[in-house]
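Enquirer: Turn this into a model:
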Amino acid sequence: MKTKPIGDNFHTSFYNQLAVFYTSIPAEEVRKFFKVIEKQEGRTIIDKAANRVKLDIDLLKYGRKVLKKEDMKRDYIIIGIKDFKKTLGKTK
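Expert: Numbers count the residues shown, from 1 in each chain. Sure thing, here's the model as predicted:
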């Protein structure tokens, strides 16, 4: 889903995706793995400081615990969850 940037620091649209997966790996290890992927795909500290985001992977929820409450209120997250639930309902 393409979304407009939030705040004054970014000027181009973002492409957002929502993924659901199951794991027994602890949340902190999942976050570390996401950071490895970001780095492998070219994300740097310099880019972040300059408000350039090549790739940003966030763990919003782990099990029943919401880790990023403010992000869960964003329109594209709400829409993504609704779409996921619709798709899940069609596969039953």
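Enquirer: The nearest residue to Val66 once chain neighbours are set aside: what secondary structure?
Expert: Distance criterion C-beta to C-beta, 6 or more residues apart in numbering; nearest residue to Val66, sequence neighbours excluded, is Met72 at 5.7 Å. In short, each C-beta sits where N, CA and C put it, glycine included. Of the three states, Met72 takes helix according to DSSP: H, G, I helix; E, B strand; the rest coil.
Enquirer: what about this structure, any weak spots by pLDDT?
Expert: In the predicted model of the chain, residues 7, 91-92 satisfy pLDDT under 70.
Enquirer: Can you report phi and psi for Thr87?
Expert: Comment: the main-chain dihedrals of Thr87 come out as phi -60, psi -40, following degrees, to the nearest 10.
Enquirer: where along this protein do the helices fall?
Expert: Read by DSSP state H, the chain holds these helices, from start to end of the chain: 27-40, 45-49, 75-90.
Enquirer: ok, the residue nearest to the spatial centre of the chain - contacts?
Expert: By C-alpha atoms, centre = their mean, the chain has its centre lying nearest to Asp58, at 4.0 Å. Contact criterion C-beta atoms under 8 Å, 6 or more residues apart in numbering gives 34, 68, 71 as the residues in contact with Asp58.
Enquirer: my read: the last one touches Leu60, true?
Expert: Yes. Applying C-beta atoms under 8 Å as the test, Asp71 and Leu60 come out as touching, 5.4 Å apart.
Enquirer: anything in contact with each of the two?
Expert: Counting by C-beta under 8 Å, 6+ apart, the residues touching both Asp71 and Leu60 are Ile77.
Enquirer: I figured Lys2 was touching Ile79, is that so?
Expert: No. Here Lys2 lies out of contact with Ile79, judged by C-beta under 8 Å, at a distance of 11.7 Å.
Enquirer: Specify which residue of these two has the higher count of neighbours.
Expert: Here Lys2 and Ile79 are set side by side on neighbour count (other C-beta atoms under 10 Å), and the busier one is Ile79, at 14 against 8.
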